[in-house]
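Enquirer: I would like the atomic coordinates for the input below:
(one chain, ligands or ions: 1)
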Amino acid sequence: MSFNRAIPSLPRQFSGKWNQKTYHVLRELGRGANGAVYLASQGGVPRAVKIGAEGMDILMEVNVLKHLQQGRNDRTSVAPLLCDVDDLRIEGKSCTFYSMEYLDGEQLNQYVQRRGADWVPVLMIQLLSRLSVLHRYGWVFGDLKPENVMVTHTDSQVRLIDFGGVTKIGNAVRQFTEEYDRAAWLAGDRRAEAAYDLFSLAVMTVRLATRPEDWKSLQVERRHTTLLCDIIRNNDSLYPYRHPLVKALHGQYATAEEMKSEMIAIVQKGSVGTRKKKASGSGAAGIWIGGFFVASMLLLAGTLYYAWLM
Ligand SMILES: Nc1ncnc2c1ncn2[C@@H]1O[C@H](COP(=O)(O)OP(=O)(O)OP(=O)(O)O)[C@@H](O)[C@H]1O
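Expert: This next block holds a predicted model:
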């Protein structure tokens, strides 16, 4: 949940006050309640530049990104690399911005729309690896939603973006979106703990595997996890993953690693959990057994390779 404040717009060209790096702004990538992100060229290299209404919020994001890339390599794949933090003057007012690695990819929801819902579980396993790293260093992501996850074009790897909701474990979650919020689904509070992110991940999985019109028809004023459990049991691509998803919805995992191992075991078993009524091999189940299974195993192999490096 966020509040509207005026977000400054970047000029077409500018230099940072302290580090003197010059940026040529190419286009706006996105604008939310807390900030705007632009694609810019700095020394001929593409960068994503984020500017926000509140300097303090920007600096908190910078703090998380800095920690994630200090020291060991395992943290770098979670988020874009931080490249520069500086101030500039816009209409006489000093504004803080940061630049980061530009991720050439698309948002998770767009990727799934293009490639199909059968890819969701493997992408969720990757996401669990990223969350696991974040949790190990004492943070939860908080505002987990498809719009805050990018899938890169070159290697189909998921990366988290928008660290505005990242919260120290034990504190109250700083920023959330009701659709993915444990408290809004009457399934717990907003205390930052691994299980909070895992709940959002389970809702997100359901959302991505459900037709938009079916998702919309869920009565928002009567949110309850039983609605999600019903969808999981009646959806061909979610059904094999019903146990980990329902456990995550009920807060039964203490760590992302536990959920990840159970998801991987299901992918590896392949068609074992496929609904019996689809056992004839038609529809989603048929795709699952056929080419998709081979492709998902390849993607999973990549995922496990990254996980092994961590
Ligand atoms: N490193 C990046 N590389 C490429 N695109 C990016 C990057 N970071 C952000 N974007 C794009 O910019 C959009 C806005 O980014 P972000 O979510 O961080 O902004 P925001 O203003 O904080 O959004 P919100 O208020 O909705 O949380 C993203 O949806 C994404 O499409």
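
Enquirer: Could you report the neighbour count for the closest residue to residue 246 other than its chain neighbours?
Expert: Once flanking residues are discounted, residue 246 sits nearest to residue 229: 5.6 Å by Cβ to Cβ, 6 or more residues apart in numbering. The way it works is simple: take the backbone N, C-alpha and C, and place the C-beta from them, glycine included. By other Cβ atoms under 10 Å, 17 other residues sit near residue 229.

Enquirer: where does this structure come near the ligand, residue by residue?
Expert: 2, 29-37, 48, 50, 80, 100-103, 107, 147-148, 161-162, 164 (Cβ under 6 Å from any ligand atom).

Enquirer: try it again with 8 Å
Expert: Residues of the chain lying close to the ligand (Cβ under 8 Å from any ligand atom) are 2, 7, 29-37, 39, 48, 50, 52, 80, 100-105, 107, 143, 147-148, 150, 159, 161-165, 175.

Enquirer: May I see the buried residues of the one helix or strand the residue nearest to residue 246 maps to?
Expert: Using DSSP states H and E, residue 229 maps to helix 225-234. Neighbour-count burial for helix 225-234, counted by 16 or more other Cβ atoms under 10 Å, picks out 225, 228, 229, 231, 232.

Enquirer: ditto for stretch 61-69
Expert: With burial defined by 16+ other Cβ under 10 Å, the residues of stretch 61-69 counted as buried are 61, 62, 64, 65, 67, 68, 69.

Enquirer: before we move on, back to that, quick check: of the buried residues of helix 225-234, which lies closest to residue 114?
Expert: Set against residue 114, the nearest of these by Cβ to Cβ is residue 231 (22.0 Å).

Enquirer: just the helices in the stretch 201-310 of the chain please.
Expert: Listed in chain order, the helices of the stretch 201-310 of the chain (DSSP state H, counting those that start in this stretch) span 212-216, 225-234, 242-249, 256-269, 283-289, 291-309.

Enquirer: likewise the stretch 51-200 of the chain?
Expert: Under DSSP H, counting those that start in this stretch, the stretch 51-200 of the chain gives helices at 55-69, 108-115, 120-136, 194-209.

Enquirer: That's all I had, so thanks and see you.
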